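Undergrad: got a predicted structure plus its sequence, pasted below:
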Amino acid sequence: MKKVSMLVVLSLVALCAGAETNVLHVSLKELELFKRGPFRDQMIVDAAKVAVQSKDPEAIAIADFVRAHSALGLIHSNSFKLVEDATTNTLFALLPILPEDLADLFRIPVMRSMTNYSGEYMPAYKVAAVRADIHLSPFGQGMLVLHEGKHAYLHLIEHHACRDLDDVDRDEVEVRTFDCRVYQKIGGPAYEQIVARQMDSINQSLAAIHEKIGDVFPESLDYDPAIDSIFGKPASKRDASMRCTGIYVDVIFRLLERAYTGEALAKQKITFIRSAYEPATRTFLK
Ligand SMILES: [Zn+2]
C-alpha cells in the first residue's frame, strides 16, 4: 500500500517537472496568493479598523496607502519578489511571514533581523515583512501594519534617505511618534491615566538614584492590566509585550519632552530608540 502511494507521488512530481515553464509559474503564483493572500487581506482590514477607530487623519491616510500601494510579496531564492503585478512605482511588497518561512528567516541574511522583530520595512527591497506566525489581536495586527506602512510611506512618498543607522533611527522616532498618537487617540482619558502612572513611577525611580532621564533610560514597566480594557485582550504574550513597548515609548518620549528641547530632545529620542533596539549597549535602571 505504501509502495503504491509512493509511486503516485513520484509520477505527480514527474508530471510537474515536465510541465511548461509558464504553466508552472502561474501555479506557483496562484499557490502564493492562496497561501499568503488571506493573511495580507486581513492585515489591510485590521490596519483600516485601527485607523478608523483612532479617527486620526494620518492613520487613515497610511491605512489607505497600504491598501493602494502594496502588493503581495513572496520569498524567492535569497531575496523577495512580488506575486502581483506592480501598478505604480511607489509600490511595496507586503510579505506575511508564515510558520513554514521560519527556516528561511535564518537562511537568508537580509531576513535574519526578522527572527527578533514582529515586522520590518526593508527600503533596499521595498518590502514590509510582517510576522503572520505570531498570534496578534486585531488591534496588535493593525498597529503593526500601520507602523510598517508608515515606514514605507516615509521612504516611497516622502523620499526619506535610509542610508545609515542615523537615518533609520530618525525614521523610527517619527514612526513611533505616529504610533503614540494612535494609542492616545484610541485610548483617550483611560490611556492617559496609565501613562501618567508609569511616568510617576519612573520619576520616583530616577529621583531615588539621583539620575536624570536621558542620562539613564529605565526598563519598561510591568504590564498594566488596565491596558486590556482599552485595547482588548492580547492574543499572546508577544501581543501584550508589543503594546507594552508601544506605551513605554510614549512614556519615555513624554519624559524626554519635559526635560529637553530642540536639537537636544531630537538627539535624546534617537539615543533612546537606538538603545531600546540594541539592549546590549544600553544603560538600564536596576
Ligand atoms: Zn519601525
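TA: Happy to help now that I have it. Nothing here was measured: the structure is a model prediction, and the numbers come from that model.

Undergrad: quick one: low-confidence residue ranges for the stretch 51-200 of the chain.
TA: Along the stretch 51-200 of the chain, segments meeting pLDDT under 70 span 85-87.

Undergrad: show me the strands in it, by range?
TA: Counting by DSSP state E, counting those that start in this stretch, the segments of the stretch 51-200 of the chain that form strands are 70-76, 79-82, 92-97, 119-122, 127-131.

Undergrad: now render those as a markdown table, adding mean neighbour count.
TA: Using the backbone N, CA and C atoms, a C-beta is placed for each residue, glycine as well. Shown next, in a markdown table, are the strands of the stretch 51-200 of the chain (neighbours: other Cβ atoms under 10 Å):
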| stretch | mean neighbour count |
| --- | --- |
| strand 70-76 | 20 |
| strand 79-82 | 17 |
| strand 92-97 | 26 |
| strand 119-122 | 23 |
| strand 127-131 | 25 |
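
Undergrad: and the ion, which of those strands is closest to it?
TA: Counting by Cβ to the ion, the ion lies closest to strand 119-122 out of the strands of the stretch 51-200 of the chain; the figure is 6.9 Å.

Undergrad: P96: what's it in contact with?
TA: R36, F39, R40, M43, V130, A132 (Cβ atoms under 8 Å, 6 or more residues apart in numbering).

Undergrad: burial count for the third one?
TA: Here the number of neighbours of R40 (other Cβ atoms under 10 Å) works out to 24.

Undergrad: for the protein, which residues are neighbours of the ion?
TA: By Cβ under 5 Å from the ion, the residues of the chain that approach the ion are E172, V175.

Undergrad: can you do 6 Å?
TA: Neighbours of the ion within the chain, by Cβ under 6 Å from the ion: H147, H151, E172, V175.

Undergrad: the last one and I62: what is the separation?
TA: By that I understand V175. Taking Cβ to Cβ, to the nearest Å as the measure, V175 falls 10 Å from I62.

Undergrad: got it, and the second one?
TA: Noted for H151: a distance of 10 Å to I62, by Cβ to Cβ.

Undergrad: same check, this time on the third one
TA: E172 sits 15 Å away from I62 when distances are taken as Cβ to Cβ.

Undergrad: looking at the two, which is more packed in?
TA: Taking neighbours as other Cβ under 10 Å, E172 and I62 compare with I62 leading, 26 against 19.

Undergrad: wait, the more buried one sits on L156?
TA: No: assessed by Cβ atoms under 8 Å, I62 is found out of contact with L156, at 11.8 Å.
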